[in-house]
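Asker: Any chance you could fold what I've pasted below:
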Amino acid sequence: MSWPRDAFQALRQIVLIEDRVATLTDTVKQLANTCQELDRRLTRIEAKFELLEHMAAPSRRALPEKPEK
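Answerer: Next up is the predicted model:
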């Protein structure tokens, strides 16, 4: 091959790599957004379970003091 053809192939490869990097960047952004949304949902579920555990636990109030006679 001649050097102009080699140079053209190299430039073509660079453009293809840039396109792939741009696609991967978009994919990573989407995955990050999905991960953040799942984290928010998990936090809400954990809070609900903690509330349910707190409500289901027997209350531990102190007995009223006996009045002195």
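Asker: Now do the SS call for Ala32.
Answerer: Using DSSP: H, G, I helix; E, B strand; the rest coil, the secondary structure recorded for Ala32 is helix.
Asker: sorry, that was for Pro58
Answerer: The three-state label given to Pro58 by three-state DSSP is coil.
Asker: what's the burial count for it?
Answerer: Neighbourhood size, Pro58 [other C-beta atoms under 10 Å]: 5. For glycine as for every other residue, the C-beta is placed from the backbone atoms N, C-alpha and C.
Asker: for Ala56, same thing?
Answerer: Neighbours around Ala56, by other C-beta under 10 Å: 7.
Asker: One more: Pro64?
Answerer: Other residues close to Pro64 by other C-beta under 10 Å number 6.
Asker: before we move on, what about the one 3 residues further on?
Answerer: Each residue near Pro67 was counted by other C-beta under 10 Å, and the total is 5.
Asker: helix or strand for the most centrally placed residue in the chain, which one?
Answerer: Taking C-alpha atoms, centre = their mean as the criterion, Cys35 is the residue nearest the geometric centre of the chain, at 2.2 Å. If you go by DSSP states H and E, Cys35 is part of helix 3-56.
Asker: tell me the mean pLDDT over that helix?
Answerer: For helix 3-56, the mean pLDDT works out to 96.
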